[in-house]
Structures are given as C-alpha cells and as structure tokens.
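Attaching a predicted model along with its sequence, questions to come.
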Amino acid sequence: MAPIPKETVLDALIVGAGFGGVYQLKHLRDAGYKVKLVDIASDYAGVWYWNRYPGARVDSAVPLYQFSDPGLWEEWNWSQRFPGSKELRDYFTFVADKWDLRKDTEFKVYISKATWDDETATWTIESGGGNIYRAKYFLLNTGFAAKRYTPDWKGIDKFPASAWVHPSYWPKEEPDLTGKRVAVIGTGSTGVQLAQELSQVASQFVLFQRTPNMALPMKQVDYTKPLTKEKYPKVFDGRYESFGGFDFSFLPRGTFDDTPAEREMVYEGLWSQGDFQFWLATYNDMLFQEDANKEAYDFWKKKVRARIQDPRLQEILAPETQPYSFGCKRISLENGFYEIFNQPNVSLVDVNSTPIVEVTERGIKTTEKEWEFDYVVCATGFDAITGGLMNIDIQGQRGQKIAEKWKSGASTYLGMATAGFPNLFFTYGPQAPTALCNGPTCAEAQGSFVLKVMDHMKERKLQKVEAGKTAEAAWGDDVRKFANMSLLPSTKSWYMGDNIPGKPRECLIYLGGVPNYYQSLKECSDGQYTGFTFT
Ligand code: N01
C-alpha cells in the first residue's frame, strides 16, 4: 500500500539548510513560531553539503564566514584561514547541535510545488514525496547555486556516466584519480580549485578554458592554536559598513589620485594580503572606470605571467590585451594554480580556438583532436541566483507562476520579495547583494528582516504581506542604476545571467554595496515596512 501523505501545519516552512535556512530556523523558533526546515540534502551545510570535490574550500577568510553569535564563535575554532568543505560541514554539525536544530529539520525532502490561497492566506507546499506543508509563510533559502548547469554537448550520454561528474555531485565515495587521465571543463572558482588538486595526482590533466579567470593568490594559514577573538564583535559589526560585507572596504580615493610609484606600492600591499583585497579593498573607481580597471588588470597580468613559463600559455591564461573588466566576473583565490601549467602532465585547451565539438565514448573531441580521458569533471557552474527559485513550481495570486513572472527578468522588492506572491521571502536571491556579500552576512541581515516583518504582522494580527508594485519597480530601477554605474554589464558573467543559454541578460545582484542595502532594509523597517502592503 502506498504511504499516506503526511500533512504538516506550520507558521513557516523554511527551505534550504545552508546559512540562510539555519539562521531562520533558530531565530523564528526562538521567537515562538512553529517552523520546519527542509532540504533535499541529507544534512546541513547548503552548498557545502554538495560541494565536496577535491580542493573545495571557502575563499572568505576567517572569521567572517560564520555566524556572528558569540555562543558559537567563542567555542568553535577553525583550523585554517580559508577552511575546507569538510570543516564547513563539521561547523554546521556543531551549529545544529548548539542550536538544537535537528528536531525541526527534515532532510531528503525536495519541494516541488507551492500554491498560495488568498482566502486562507496560506501556502500549500508539496514535496516530491507527496507530503504537504500548510504554512502562512514560505521562506526560500535555496542559495545561489541550487541548479547545476551542464552544456548540452552532442554525445554527452556516450561517455561512461560513472566517470562524468558535475563537481557539486562529487561522489561521497572518493574516486581514486591517481595515475588517471583527467579533464576539468571550466575555469570558475570550482575549476581552479579542482585543477590545483587533480593536476597533482593525474597522469595526464587537461583543463578546458573558455574565459581566463583573473584569480588572486590565496594566502592560506594553518591555525595551530585558537585565535584571539576580542575583535570579533567589531569585525562582525563592520560587515555592514563594507561594500562587500567584509572586514575591509575600498580605499577612499581613485586610482589616479596616486602617482604610478604610489599605486605600485598600494597594489603590492593589497596583493600580499592573499585574499580579496586586490578586488574589494582597492581604489574606489576600479569597478567603475575603465582606465582604473585597466591599471589593476595590467598589474595582475604582470604578476601572473611571471609564474607561467610557456609564452603561449601566458597569452591564454593572462592575455596581453585585457579580455574583460577586472573583477566583473567572480574573482577566485588560487593556491599554485598558475604553476600547474609548468608541469609536463598538464595541458590547457582554449575552447575559443579549438571548440568542443562533441563528447565521445572515450573523451572529448575538439576541432583539433579527440582527447581521451578516464574521468571528466564538468565544472560548468550553475543557473545562478534565480535557477533554484524558478525550479520550484511556485504559484502566487491568481495562479501566477514565479517562473512566468520572471521570464524576461527578475523583479523584486529589496531582493527578498516579489509582488503577487504574498508571505513569501527569499534570501541570497536576485537584486540583493548576494554573490558580492558572503553567505552568513546576507543570511543574518535578510533573516532578521524577515523575522521583524513577521513580528510586525503578529503584533497587529495581519494575515498578508506583499511587495507593492511601485516599490518593486523603484527597487528594480535602483538595481539597474547601480549596475550601469559599474563595469559589470560590459562583461559576460553569471552575475549578468550570461552563462545560461536563453537566460535574460540583467544584473542579478544589487551593486549599491552592503551598507546601502543594509540601510534600505533599515529604512523599510523603521518606516513600518514602507513599500509592502498588509492585509
Ligand atoms: O561556476 P562558474 P563555478 N564550454 O559559472 C565554463 C562560488 N564558488 O562552479 O567563464 C566551455 O563560475 C565557464 O566559462 P565562461 C563562486 O561564487 C565559490 O566555478 O562562462 N566552458 C566557466 O569557466 C563561483 O563564482 C567557491 O566563459 C564552459 C565555468 O565553466 C560560483 O560558486 C568555490 C561552458 C563555470 O564557472 C560558481 O563557480 C566554488 C561551455 N559550454 C564555487 N559553459 C569558494 O568559495 C560554461 N563554461 C572558493
């Protein structure tokens, strides 16, 4: 007999057990709401549950990539400045225990559909397994990388499926690639991290590159004893004063306010930090002025080319002519990435000059030759930011679907709600700082905003909250205004939706910076949630 579907009645269903969902479960429950957290994964950690490929590690330095709750950080000690994916999963296990989350979490639950009923002001949410959740609030914390992307190459099903992997589905049982012929396709953060690791064990390692990654050096540090933590509260508070939500900000001057000699010194200083400072703590015009941007690129190019022996590879990895605006595709941090190209077992294929024609039983055929492999890692990224939300069949008022509403581009108020979909909030989504601001920072700022809206409604016995159309249009204008002030639209990237064929081209992130975003949230809540309508 088929199992009887379970029906659960809640104040809020939270989807996604990464930073956003975990924060909301803890804080909504503490505030007295009946909530449940669900995730398709078997445990906490969000992207870090899935991304367990060799070399996977976060590139936001300790202490920022964690919750700001002293009850956690006073006890938890990281072993490295840039912790690996396993340590991040361990951190989530620690948080789940400290915050007693498991009793209100259901794993292996895929949310496939959600339907709003205006009459009862309730979401009916269905899991792939047939269970039903009825909740006043539907809170999506699906993250920016919930929908994988693999190009539709001819013959892709011919290569043995067990040896063709998207890195966010890395097998739990680690494949032994020692002495094997291995390919990685893609040079985003994932491809760079994989290349560094797999090139050290493979007998033959081939990286397929479409666009060079302007990666910066990662200065890893092993912590042999617990760090001193007196400054942590200040560091956490400072996130909301930094453009990228970090413990550093742009310099208060432009590139050409310094002489060339001064600039060289500034660049060297930022470079030596071994984190994102050459990107997000540099001259304040770098992301906004082409000539300033070119200065940064030229410095980067000089540093990188010096590490690569073969002039042909120098030109593919760090071209003489700047290929796109520096920092307008996601910068990665690398650890020896450029040196791997000096190894005899490593090849680089530029798919612009020799495109991939098809996948065969043996490997990958380009216009030049057929490469044979034992294992292929397809690090081709994600339908980023909107993919995870639009994947769920969400029907709002009058049956309107979110995927339909956003067909020609995302439209939100404060990057957290969208008109026609009452009592629905999302974090780390479109038109918010998202990918420019790390996960925990957004999770806390946006999660506490959601909680405040819910409390506001509870106090006034309100049933519905909805983004107003005028406020939404104005927010969209703001997002576009900031994007157009920057160089981001000049560059093809997943920030702009360019990586997915057919996806509308638009700036998916709010580029006003974390301080402006935080201020917008504050003004909205201080003004009794201006821009939202309540019933
Ligand atoms: O994905 P990506 P990712 N033929 O989209 C290439 C975060 N992250 O998984 O640049 C050939 O960046 C594509 O080429 P192009 C981080 O925010 C963080 O690496 O589009 N190549 C690109 O090189 C990151 O940005 C961490 O021209 C094709 C690559 O595939 C985000 O996740 C670690 C192709 C995809 O790169 C996503 O990173 C890992 C085709 N048809 C990830 N299609 C850390 O915290 C695509 N590509 C360290």
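Structure received.

residues of the biggest helix by length in the chain that come out buried?
The longest helix of the chain (DSSP state H) is helix 439-460. Of the residues in helix 439-460, 439-447, 449-451, 453-454, 456-457 count as buried by neighbour count, 16 or more other CB atoms under 10 Å. Every residue, glycine included, has its C-beta placed from N, CA and C.

again, but for stretch 58-77
58-69, 73, 76.

okay, now whichever residue of the stretch 101-250 of the chain sits closest to the ligand: neighbour count?
Going by CB to the nearest ligand atom, the ligand is nearest to residue 188 of the stretch 101-250 of the chain, at 2.3 Å. A count of nearby residues for residue 188, using other CB atoms under 10 Å, gives 23.

Leaving out the residues flanking it, which one is nearest to residue 524?
With sequence-adjacent residues excluded and distances taken as CB to CB, 6 or more residues apart in numbering, residue 524 is closest to residue 530, at 5.6 Å.

my guess is the one you found meets residue 471, correct?
Yes: the criterion here is CB atoms under 8 Å, and residue 530 meets it with residue 471 at 7.3 Å.

Which of these two has more residues huddled nearby?
Between residue 530 and residue 471, residue 471 has the larger neighbour count (other CB under 10 Å), namely 20 against 11.

sec struct for that one, please.
Here residue 471 is recorded as helix under DSSP: H, G, I helix; E, B strand; the rest coil.

residues in contact with it?
413, 530, 531, 532 (CB atoms under 8 Å, 6 or more residues apart in numbering).

what residues are up against the second one?
Counting by CB under 8 Å, 6+ apart, residue 530 makes contact with 471, 523, 524.

element containing the last one, please.
Pointing back at residue 524 there. Using DSSP states H and E, residue 524 sits within helix 513-526.

So which residues make contact with that helix?
Outside helix 513-526, the residues within contact range by CB under 8 Å, 6+ apart are 239-245, 414-415, 432-433, 436-437, 441, 445-446, 449, 452-453, 456, 510, 512, 530-532.

Would you mind naming what in this protein lies close to the ligand?
Residues of the chain lying close to the ligand (CB under 6 Å from any ligand atom) are 57-59, 145, 151, 185-191, 193, 208, 210-211, 330, 351, 379-382, 435, 494, 499.

and with 5 Å instead?
Within the chain, the residues that sit near the ligand (CB under 5 Å from any ligand atom) are 58-59, 151, 186-190, 210-211, 330, 351, 380-381, 494, 499.

Out of those, who's the most crowded?
residue 186 (27 neighbours).

For that residue, which non-adjacent residue is spatially closest?
residue 379 (3.7 Å).

Report whether the expected contact of that neighbour with residue 184 is present.
Yes: the criterion here is CB under 8 Å, and residue 379 meets it with residue 184 at 5.6 Å.

neighbour-wise, which of those two wins?
Legend: neighbour count by other CB under 10 Å for residue 379 and residue 184, higher for residue 184 (28 against 25).

out of the residues of the chain next to the ligand, which are inside helices?
Applying DSSP H to the residues of the chain next to the ligand, the entries found in helices are 189, 190.

Determine which two of the residues of the chain next to the ligand are furthest apart.
58 and 351 (28.1 Å; CB to CB).

now the strands for the stretch 51-200 of the chain?
For the stretch 51-200 of the chain, the strands defined by DSSP state E, counting those that start in this stretch occupy 105-107, 111-117, 122-127, 132-140, 164-165, 181-185.

residue contacts, the closest residue to residue 438 other than its chain neighbours?
Leaving aside its chain neighbours, residue 438 sits nearest to residue 60 (4.4 Å; criterion: CB to CB, 6+ apart). Residue 60 is in contact with 82, 246, 276, 438, counting by CB under 8 Å, 6+ apart.

a markdown table for those residues, including neighbour count?
Listed next are the contacts of residue 60 as a markdown table, based on neighbours: other CB atoms under 10 Å:
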| residue | neighbour count |
| --- | --- |
| 82 | 21 |
| 246 | 25 |
| 276 | 23 |
| 438 | 25 |
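
Greatest separation within the residues you listed: which pair is it?
Of all pairs in the contacts of residue 60, the most separated under CB to CB is 82 and 246 at 13.4 Å.

how about stretch 401-410 as PDB, C-alpha atoms only?
This file holds the C-alpha atoms of stretch 401-410, laid out as PDB (Å, rounded to 0.1, in the frame of the first residue of the first chain):
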ATOM      1  CA  LYS A 401       3.900  31.400 -11.500                       C
ATOM      2  CA  ILE A 402       7.100  32.900 -10.400                       C
ATOM      3  CA  ALA A 403       8.900  31.400 -13.400                       C
ATOM      4  CA  GLU A 404       6.400  33.100 -15.700                       C
ATOM      5  CA  LYS A 405       6.700  36.400 -13.900                       C
ATOM      6  CA  TRP A 406      10.500  36.400 -14.100                       C
ATOM      7  CA  LYS A 407      10.600  35.000 -17.700                       C
ATOM      8  CA  SER A 408      12.100  38.300 -19.000                       C
ATOM      9  CA  GLY A 409      14.000  39.200 -15.900                       C
ATOM     10  CA  ALA A 410      13.700  39.000 -12.100                       C
END
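
Centre of the chain to that stretch, how far?
Relative to the mean C-alpha coordinate of its chain, stretch 401-410 is positioned 21 Å out (CA atoms, centre = their mean, to the nearest Å).
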